[in-house]
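In: Let me see the structure of the following:
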Amino acid sequence: MRLFVAVSPGEQFRNALTTRLAPWRHRLPVRWVPPENWHLTLCFLGQWPKSRFNALQEALRRSIAIDPFVLQPGTVGAFPNLRSPRVLFVQMKEAGQLERLAAQVCSGVDATWPDGPRDHHPFRAHMTWARIRKPLQRDQVNLLSQIELAGLPEISVERVRLLSSDRFPAGPRYREQAVFALRKKGE
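Out: Sure, this is the predicted structure:
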């Protein structure tokens, strides 16, 4: 199974961001990520055999020791940058707690399979909402600075989800494999 661990932004946030992005759908030639696929990836695990799945779940359950918290959405961000974007996302403000949670999740994954296929790129708190196949024209790139994300609802982080990802021509489909509630260390 191709797995990753993520935080769901919740229905209120999805609805608000959908509304906020609606005016831009006809103005930007991008591949829009369906709102049901929006998430904040904590750790991409890669391809895992079913034989390691139970140990992974137990390691995740043990490793997640942090109080629930809220995230405040920030501005529009892009990979590699806003001048030549390939991925568009919502940046998260003051994401230190999310970064700590991601480190705990990745540590649990590493304890289960130290030389497994986990992605080791540095964590960056973001939620992808569009991908770009061919470069945008200069006027289209300039439009990105006009997308206003201020005032979006906070994202309540109370649990993380272990998801599998199946690839299809129309885009990936995610299936929830397990859910883990956040808790204080020692609980």
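
In: Where does pLDDT dip in the protein?
Out: 185-187 (pLDDT under 70).

In: how about the strands in it?
Out: Taking DSSP state E as the criterion, the chain contains strands spanning 2-7, 31-32, 40-47, 69-79, 87-93, 126-131, 155-157, 159-166, 173-181.

In: winner for burial among those?
Out: Of all the strands of the chain, strand 2-7 carries the top mean neighbour count, a mean of 22, counting by mean count of other Cβ atoms under 10 Å. C-beta: built from backbone N, CA, C; applies to glycine.

In: With just CA atoms, put that one into PDB.
Out: The C-alpha atoms that make up strand 2-7 are tabulated as PDB, following Å, rounded to 0.1, in the frame of the first residue of the first chain:
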ATOM      1  CA  ARG A   2       1.100   3.500  -0.800                       C
ATOM      2  CA  LEU A   3       0.700   5.300   2.500                       C
ATOM      3  CA  PHE A   4       0.900   8.800   4.100                       C
ATOM      4  CA  VAL A   5      -0.100  10.400   7.400                       C
ATOM      5  CA  ALA A   6      -2.100  13.600   7.300                       C
ATOM      6  CA  VAL A   7      -4.400  16.100   9.100                       C
END
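
In: Adjacent strands (with direction) for that strand?
Out: Partners of strand 2-7 in the sheet, by DSSP bridges, are strand 40-47 (antiparallel), strand 159-166 (antiparallel).

In: residues in contact with stretch 176-187?
Out: 1, 3, 53, 57, 60-61, 64-69, 101, 157-164 (Cβ atoms under 8 Å, 6 or more residues apart in numbering).

In: related to what we said a few turns ago, just put the strands paired with strand 2-7 in CSV and tack on distance to residue 32.
Out: Formatted as CSV, those follow (distance: least, Cβ to Cβ, whole Å):
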stretch, distance to residue 32
strand 40-47, 18
strand 159-166, 18
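
In: Compare those strands and give me the one nearest residue 105.
Out: strand 40-47 (4.6 Å; Cβ to Cβ).

In: how far is the closest one from where the chain is centred?
Out: 9 Å (Cα atoms, centre = their mean, to the nearest Å).

In: Repeat that for stretch 111-123.
Out: 17 Å.

In: buried ones in that stretch?
Out: The neighbour-count check on stretch 111-123 (16 or more other Cβ atoms under 10 Å) flags 112-113, 118, 123 as buried.

In: Give me the distance between the two termini of that stretch.
Out: One end of stretch 111-123 to the other measures 18 Å (Cα to Cα, to the nearest Å).
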